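>>> Let me see the structure of the following:
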Amino acid sequence: MTNQKKTQKQLLYDFKQCENEIQKLRNAKKNQNKVVEALNLGNDLYTDLANSLPSGMYRSRVFHDLALDAERWLGSTETPYVVEFANDRFFEILHLDRVVLEKNPSIIHDLIFYEDRADFARLNIESNLNLTPFFWEGRFMVNDSIIWIYFKSIPRILENQDIIWTGTLEDISSRKQAEEEIKNKNAELQKLNADKDYFISILGHDLKSPFNSILGFLDILLSDLHTNDIEETERQLKIVNNSAIFTYKLLEDILAWALSQSGKLPFEPKEHNLKFCCDKVVEMLKPNAENKNISIDNAMPEEIMVFADANMLNCILRNLISNAIKFTSNGGYINIYSEQNNS
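Below you'll find the model as predicted:
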């Protein structure tokens, strides 16, 4: 009987102990639920925060045994990594579906512009080898359009030697477009500066001779003013006047050329009589030729027509004839002629 009572007491004690253990388990479960709730809340807050960022945000795991495999970085299958997390902006920028990326991480490689893939693979291998931050910008083909993407991420190595990369990606297409516009503007400014320098050199080259002619005749007029008769003075004044008219027309031609080089003068080609155009230029340059006692014969056939812009044609003829005068000796002869090529 005594043993039976002990057994009952023992059973009651054991039952009580079981109740205590059950209560502890219930309390532990409650605490666990609280922990899970806290973790879920923290995860929701983290996700909300990540989705509020203007940049794409991601976390990827690069497998240690595949991190330096160049073919996997270049290939479109069996990538050396998985994307463990990405915010909404990540998928918006790349126009990807979350489920598709989870099933096939290599789809990112397929989007990279072909010519940029080798550089992307090289920098990834270097960063995984040296555990240095990854910075890369390149082109992606998204919806049949090229966009520029900038990746920036930092590594963290795990106990199993896998590498966690946490980073951001940004669509920098607008910045690249602005940089290209600045580059084009700089090139345009450099061209304008070169045109300005060339314009100044042309002014010095083409206007020096007629101004020397005008100054020379004015000096003669002043020195002989009281000894020359009225006819001689009138002759010399006509020469000065013609030189001034020529210089003015020359300046107009140079300004027209400068406008054409800057794209501000319209290109308007049409038919012109070449001999007639040449006669006008010869008449303009006549004072220069007379200063060196040079004879000019325009032997062009009257029937030859050319299709050209008037300003450009006059500029070409003026340069050719003025150079001929410049490099012809005093008392020389210049013959101007042309042939029609019907081929």
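
>>> Might you list the low-confidence residue ranges for the chain?
1-9, 11-16, 19, 23, 26-53, 76, 203-206, 257, 260-265, 342-343 (pLDDT under 70).

>>> Show me the domain layout of it.
Domain ranges of the chain: 1-38, 51-171, 179-336, per automatic domain parsing.

>>> what's around Asn242, how many residues?
Neighbour count of Asn242, defined by other CB atoms under 10 Å: 19. Using the backbone N, CA and C atoms, a C-beta is placed for each residue, glycine as well.

>>> scratch that, Leu123 is what I was asking about
17.

>>> what's the distance between it and Leu255?
53 Å (CB to CB, to the nearest Å).

>>> Just give the nearest non-adjacent residue to Glu302, would you?
Lys275 (5.2 Å; CB to CB, 6 or more residues apart in numbering).

>>> same for the strand ranked longest in the chain, what does it pack against?
Taking DSSP state E as the criterion, the chain has its longest strand at strand 145-157. Counting contacts by 3 or more CB pairs under 8 Å, 6 or more residues apart in numbering; DSSP states H and E, strand 145-157 packs against helix 88-94, strand 134-142, strand 163-171, helix 173-223.

>>> To Asp69, which of those lies closest?
Closest of these to Asp69 is strand 163-171, at 13.4 Å (criterion: CB to CB).

>>> For the stretch 201-343 of the chain, which segments count as helices?
230-261, 274-291, 310-326 (DSSP state H, counting those that start in this stretch).

>>> The second one - contacts with which helices or strands?
Packed against helix 274-291, as judged by 3+ CB pairs under 8 Å, 6+ apart, are the following elements: helix 173-223, helix 230-261, strand 295-298, strand 305-309, helix 310-326, strand 333-336.

>>> Any idea how far it is from the middle of the chain?
46 Å (CA atoms, centre = their mean, to the nearest Å).

>>> That one vs helix 230-261, what angle?
Put simply, helix 274-291 runs at 130 degrees to helix 230-261, going by axes from the mean of the first three to the mean of the last three CA atoms, to 10 degrees.

>>> Equivalent analysis for the last one, please.
In this structure, helix 310-326 runs at an angle of 130 degrees to helix 230-261, with the same axes, to 10 degrees as the basis.

>>> can you give me the angle helix 310-326 makes with strand 305-309?
110 degrees.

>>> Would you mind writing the CA trace of helix 310-326 as CSV?
Extracted in CSV, the C-alpha atoms of helix 310-326 (Å, rounded to 0.1, in the frame of the first residue of the first chain):
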residue,chain,number,x,y,z
ALA,A,310,27.6,81.8,-105.5
ASN,A,311,29.5,82.8,-102.3
MET,A,312,31.6,79.6,-102.4
LEU,A,313,32.4,80.0,-106.1
ASN,A,314,33.5,83.6,-105.7
CYS,A,315,35.6,82.7,-102.7
ILE,A,316,37.4,79.9,-104.7
LEU,A,317,38.0,82.1,-107.7
ARG,A,318,39.2,85.0,-105.6
ASN,A,319,41.7,82.8,-103.8
LEU,A,320,43.0,81.2,-107.0
ILE,A,321,43.4,84.5,-108.8
SER,A,322,44.8,86.5,-105.8
ASN,A,323,47.4,83.7,-105.3
ALA,A,324,48.3,83.8,-109.0
ILE,A,325,48.9,87.6,-108.7
LYS,A,326,50.9,87.1,-105.5
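
>>> Need the contact partners of it.
206, 209, 250, 253, 256-257, 260, 265, 267-268, 270, 272, 277-278, 280-282, 284-285, 288-289, 292, 294, 296, 306, 334, 336 (CB atoms under 8 Å, 6 or more residues apart in numbering).
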